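K.L.:
Need coordinates for the below:
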Amino acid sequence: MKFYAKGKILLTAEYAVLGGAKALALPTKLGQSLEVIKTSTGKIEWKSIDVNGKVWYENIFNKTTFSAYIQNDVIGRRLQKLFQTISTENTRLFSEINGLMFVSELEFERDWGLGSSSTLVSLLAQWSKVNPYVLLQNIFGGSGYDIACATAEGALLYERTNGIHPNVTPVDFNPSFKDQLFFIHLNKKKDSQQAVAAFDSNVLKPNKIETVNKLTRTFLANLTLDHFKEQVVRHERFIGALINTIPIQKRLFDDYPGAIKSLGAWGGDFILACGAADTADYFAIKGYKTCLTYQSLIDI
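P.N.:
A predicted model of the protein is given here:
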């Protein structure tokens, strides 16, 4: 059996999505696959392969207790908890199987922050027929928008409700100026779990949630590039004030002639740059050489 899950980009409502604000999220063309093979070993074997075809993680687990035989590390403990939750939610699944071999393969660099964890949760949920939001909340936490992206056909509006049954609405987001939108990696990965834990959701009063909702709706309007840039600046200014952080354009790229927006947890992974065709050259000179076009990354 083979399963597939897409990566994710959070375009609006970063942090505020945790408190129920409507967020515009985009599934990516790059994702992760999982092959599940029945074996007669009586054990659960795991192998993770990176985008270059190299094995970067291996482990073996007890089929009953799910304890790791090889590495009792962070990844091993997370996999153990995932298996335990799956077993609780689908009680007959493991008892009906002798042994299993799981082989996961990433299509993007592990430090890109496109959802190596969320795609894994989605893949295991697809295989086990367990609610992926239950798996996410038990192991990683977060809003769940990345889980929605994993199996989405295109852009979506995401609204967190009770955590395991969110409101997910497909939307039409296909800007005419997408050839002037670029995704630049900041050469470091942001730990989403830490960012979520550090965020004080008490600042999300109803009026602030509504402001974010209005900003998200504006991004879905039929904007010109200039108007889109204006909304990017407005959104950055608002979220910056919300989390008491200076927007990244002002901190690092004040001389960039276009507009820059943080994506997801601020301070790492990718940013969105709205500008001319020489945008990649601008960031390369500053040491940021991973610049992806909108068309190459987003599943439209």
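
K.L.:
Show residues contacting the longest helix seen in the chain.
P.N.:
When secondary structure is assigned using DSSP state H, the longest helix within the chain turns out to be helix 225-243. Outside of helix 225-243, the residues that reach it under the criterion Cβ atoms under 8 Å, 6 or more residues apart in numbering are 12, 14-16, 175, 177, 180, 199, 203-204, 208, 211-212, 215, 218-219, 221, 223, 245-249, 258-262, 266, 272, 274. Heads up, the C-betas are built off the backbone N, CA and C, glycines and all.

K.L.:
Following element in sequence after that helix, please.
P.N.:
Toward the C-terminus, helix 225-243 is succeeded by helix 248-252 as the next helix or strand (DSSP states H and E).

K.L.:
how far does the lengthiest strand in the chain sit from the chain's center?
P.N.:
Across the chain, the longest stretch assigned as strand under DSSP state E is strand 23-39. On the basis of Cα atoms, centre = their mean, to the nearest Å, strand 23-39 is displaced by 11 Å from the centre of the chain it belongs to.

K.L.:
for it, what is the average pLDDT?
P.N.:
Predicted confidence along strand 23-39 averages 97 (mean pLDDT).

K.L.:
relative to strand 23-39, how tilted is the helix or strand following that strand?
P.N.:
On the C-terminal side of strand 23-39, the closest following helix or strand by DSSP H and E is strand 43-49. For the pair strand 43-49 and strand 23-39, the angle between their directions (axes from the mean of the first three to the mean of the last three Cα atoms, to 10 degrees) equals 130 degrees.

K.L.:
Could you list the paired strands of strand 43-49 along with their orientation?
P.N.:
Strands flanking strand 43-49 in the sheet, each with its direction: strand 55-62 (antiparallel), strand 99-106 (parallel) (DSSP bridges).

K.L.:
what's the closest of those to residue 3?
P.N.:
Taking Cβ to Cβ, strand 99-106 is the member of the strands paired with strand 43-49 nearest to residue 3, at 9.6 Å.

K.L.:
Off-centre distance for the closest one?
P.N.:
Computed by Cα atoms, centre = their mean, the chain-centroid distance of strand 99-106 equals 21 Å.

K.L.:
who are the neighbours of whichever helix or strand comes after it, in terms of helices and strands?
P.N.:
On the C-terminal side of strand 99-106, the nearest following helix or strand under DSSP H and E is helix 116-128. Packed against helix 116-128, as judged by 3 or more Cβ pairs under 8 Å, 6 or more residues apart in numbering; DSSP states H and E, are the following elements: strand 2-10, strand 23-39, helix 74-89, strand 99-106, helix 132-139, helix 145-150.

K.L.:
how about the second one: buried residues?
P.N.:
For strand 23-39, the neighbour count (16 or more other Cβ atoms under 10 Å) marks 23, 24, 25, 26, 27, 28, 30, 31, 32, 33, 34, 36 as buried.

K.L.:
can you check the first one too?
P.N.:
Within strand 2-10, the residues that qualify as buried are 3, 4, 5, 6, 7, 8, 9, 10, counting by 16+ other Cβ under 10 Å.

K.L.:
Highest mean neighbour count out of the strands paired with strand 43-49?
P.N.:
Using mean count of other Cβ atoms under 10 Å, the stretch among these with the greatest mean number of neighbours is strand 99-106 (a mean of 19).

K.L.:
Just the mean pLDDT for that one, thanks.
P.N.:
The predicted confidence, averaged over strand 99-106, sits at 98.

K.L.:
can you give me the angle it makes with helix 74-89?
P.N.:
Between strand 99-106 and helix 74-89, the angle formed by their directions is 120 degrees, by the same axes, to 10 degrees.

K.L.:
tell me the domain ranges of this protein?
P.N.:
2-169, 174-297 (automatic domain parsing).

K.L.:
tell me the contacts of the residue in the chain sticking out farthest from the centre?
P.N.:
For the chain, the C-alpha farthest from the mean C-alpha position belongs to residue 40; by Cα atoms, centre = their mean, that distance is 34.9 Å. With contact taken as Cβ under 8 Å, 6+ apart, residue 40 is in contact with 98, 99.

K.L.:
Give me the buried positions along the longest helix of the chain.
P.N.:
Going by 16+ other Cβ under 10 Å, helix 225-243 has these buried residues: 225, 228-229, 231-233, 235-236, 238-240, 242-243.
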